[in-house]
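Enquirer: From the sequence below, what's the structure:
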Amino acid sequence: MAKGFKDFLLRGNVIDLAVAVVIGVAFGAVVTSFVADLLTPLLAAIGGQPDFSALTFTVNHSTFHYGKFINAVISFLVIAAAVYFLVVRPLPSLSQRRAKVPVQPPAKPEEVRLLSQIRDLLQQPPRTPA
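Expert: Just a heads-up that it's a prediction; the model follows:
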């Protein structure tokens, strides 16, 4: 049972997924900082409100924090734009460049080439003397 679990953990997909999650969390922190420290003050300079999280309204003693939702939407849009412009858009051009580069098969060793010729000669029907 422990060997199966070890094999599962050491498979490439699990490790790749773990790396992707760690990088995704770090990228999320960078984008959150970008939105909170740069983008929101920029919007505040234009619109006059530095932090949208303070925006609320109350109905029957229930408080709705719609400003936090606005901050989350801004963060989502920035993350989506970053993923689109840094990953999705460049991917087709990278694929095209990769497709244009011809892949040369490795050269066969001399022994393999000679053996292939002998095999081809042996597969030919025998010649009849004339």
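Enquirer: Would you mind measuring from the residue positioned nearest the centre of the chain to Gly24?
Expert: The centre of the chain sits closest to Val87, judged by Cα atoms, centre = their mean, with a distance of 6.7 Å. Using Cβ to Cβ, to the nearest Å, Val87 is found at 12 Å from Gly24. All C-beta atoms are positioned from the backbone trio N, CA, C, and that covers glycine.
Enquirer: pLDDT weak spots in the protein?
Expert: Along the chain, segments meeting pLDDT under 70 span 9, 12, 49-51, 101, 103, 130.
Enquirer: Quick one: the strands in it, in order.
Expert: 57-59, 62-64 (DSSP state E).
Enquirer: among these, which is nearest Ala82?
Expert: Of all the strands of the chain, strand 62-64 sits nearest to Ala82, with 29.1 Å by Cβ to Cβ.
Enquirer: which residues are in contact with that closest one?
Expert: Thr56, Phe57, Thr58 (Cβ atoms under 8 Å, 6 or more residues apart in numbering).
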